[in-house]
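> 3D, please:
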Amino acid sequence: EHQAELVANTGLKIVLRTLLAHLEVPSIQAIALAALHSLVCSNTDAKTALANLGAIETIAKTLKKYPNDAKIQAYGMAVFQSMAFEHEENNKDIISFQGINLANSAVMTHGEDPKVQEFGNMLLETLQPWRKKSGKKSVSSGAKAT
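This next block holds a predicted model:
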């Protein structure tokens, strides 16, 4: 158990450093975001550790830099969704770094990409729980962002 925690935390640092060091290389950004998603998915300790390393701001910068890259948007939405799910502090931090606007933009820009739609809408439902209850899925389907 401790070994897995060590590997996960070291892995988080390495992948986050890779994301930061190669901001100008979209393919590396996509791979790094996919790796972060696999490391934090369903792991509360990893979600917290990643946030404490400054990942939310870094991921937001990447999403803003590559709004037209569907892979980056899908993986970025997936990481944010995993980090926000059942983690109130990360939820607030993602909102503070424009997570709702980033998700709405990704969903609208990549209307034909099933992964962007899936993870973007899941993120919006996590950040704005009223979406689930009202059945509203995205800005592109008529819901208004608040």
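
> what is the rounded mean pLDDT of the host helix or strand of Val15?
Assigned by DSSP states H and E, Val15 belongs to helix 2-21. What helix 2-21 shows for mean pLDDT is 79.

> ok, now stretch 48-65?
According to the model, stretch 48-65 has a mean pLDDT of 96.

> give the buried residues for that stretch.
By neighbour count with 16 or more other CB atoms under 10 Å, stretch 48-65 contains the buried residues Ala49, Leu50, Ala51, Ala55, Ile56, Thr58, Ile59, Ala60, Thr62, Leu63. Every C-beta, even on glycine, is put in place using the N, C-alpha and C of the backbone.

> try stretch 34-41
Applying 16+ other CB under 10 Å to stretch 34-41 flags Ala34, Ala35, Leu36, His37, Leu39, Val40 as buried.

> let me see the ranges of the strands in this protein.
Counting by DSSP state E, one finds no strands in the chain.

> can you give me the helices for it?
2-21, 26-40, 44-52, 55-65, 70-84, 88-96, 99-109, 114-127, 130-134 (DSSP state H).

> of those helices, flag the one that's most buried.
Across those, averaging neighbours per residue (mean count of other CB atoms under 10 Å) puts helix 70-84 on top, at a mean of 26.

> which helices and strands does that one pack with?
helix 26-40, helix 44-52, helix 55-65, helix 88-96, helix 99-109, helix 114-127 (3 or more CB pairs under 8 Å, 6 or more residues apart in numbering; DSSP states H and E).

> just want the angle from that helix to helix 114-127.
Helix 70-84 runs at 30 degrees relative to helix 114-127, counting by axes from the mean of the first three to the mean of the last three CA atoms, to 10 degrees.
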